[in-house]
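Q: Here is a sequence together with a model predicted from it:
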Amino acid sequence: MEETYQLWLAAVPSAVPEDEARINWNCKDDPTPALDEGLRCASYLYAGSWGDEHEPENLHAGQGHCPTNRLFSWLFYIGTIDRYQVPLLDEELMARLVELYRPRPGDLQAEAIELPRLESFLRQHLGRYLLPQEMGPS
């Protein structure tokens, strides 16, 4: 049975300690009080979904066969390479995410919001920390 993944972007208002970012990215159940509080105060945007067929054959950052998969892949990469972190949303990251979200020839059909909605959300939350989530606010 094919797995379906949702992508919610959480714009967290404050930095997340490295040890809590590590727990998050490694999908551990250890306590993350700063991250939990940040997610409670975060602004969320549902970006879309993808399935197993959208995963690239060779796992490389920013690759994938649909916009949402590319966003998740890139955020995971920059959140785990060099050091564990929740990346700061600045102009450079925003530009990279917009570039990755643009449809490409060869993309497979997948649910995705319109690019202007993504750009607007990112612009409104510059200076916050951006974290992909499988679920939206509770």
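A: Cool, got the structure.
Q: use CA for all of it now, contacts and neighbours both
A: Will do.
Q: Just the C-alpha atoms of stretch 126-138, please, in PDB.
A: Extracted in PDB, the C-alpha atoms of stretch 126-138 (Å, rounded to 0.1, in the frame of the first residue of the first chain):
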ATOM      1  CA  LEU A 126      10.700  36.200   7.300                       C
ATOM      2  CA  GLY A 127      12.900  36.100  10.500                       C
ATOM      3  CA  ARG A 128      11.000  33.100  11.900                       C
ATOM      4  CA  TYR A 129      12.300  29.500  11.800                       C
ATOM      5  CA  LEU A 130      10.800  27.100   9.300                       C
ATOM      6  CA  LEU A 131      10.000  23.500  10.000                       C
ATOM      7  CA  PRO A 132       8.100  20.900   7.900                       C
ATOM      8  CA  GLN A 133       5.400  19.100   9.700                       C
ATOM      9  CA  GLU A 134       3.100  16.200   8.700                       C
ATOM     10  CA  MET A 135       0.200  17.700  10.600                       C
ATOM     11  CA  GLY A 136      -1.100  21.200  11.000                       C
ATOM     12  CA  PRO A 137      -2.000  23.000  14.200                       C
ATOM     13  CA  SER A 138      -3.900  21.000  16.700                       C
END
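Q: Give the buried residues for it.
A: By neighbour count on 16 or more other CA atoms under 10 Å, the buried set for stretch 126-138 is 126-133, 136.
Q: Then stretch 100-108?
A: 100-101, 108.
Q: next one: stretch 39-51
A: Those buried within stretch 39-51 under the rule 16+ other CA under 10 Å are 39, 42-51.
Q: helices or strands up against the longest helix anywhere in the chain?
A: What stands out as the longest helix in the chain, according to DSSP state H, is helix 67-80. Judged by 3 or more CA pairs under 8 Å, 6 or more residues apart in numbering; DSSP states H and E, the packing partners of helix 67-80 are helix 18-25, strand 43-51, helix 91-101, strand 129-133.
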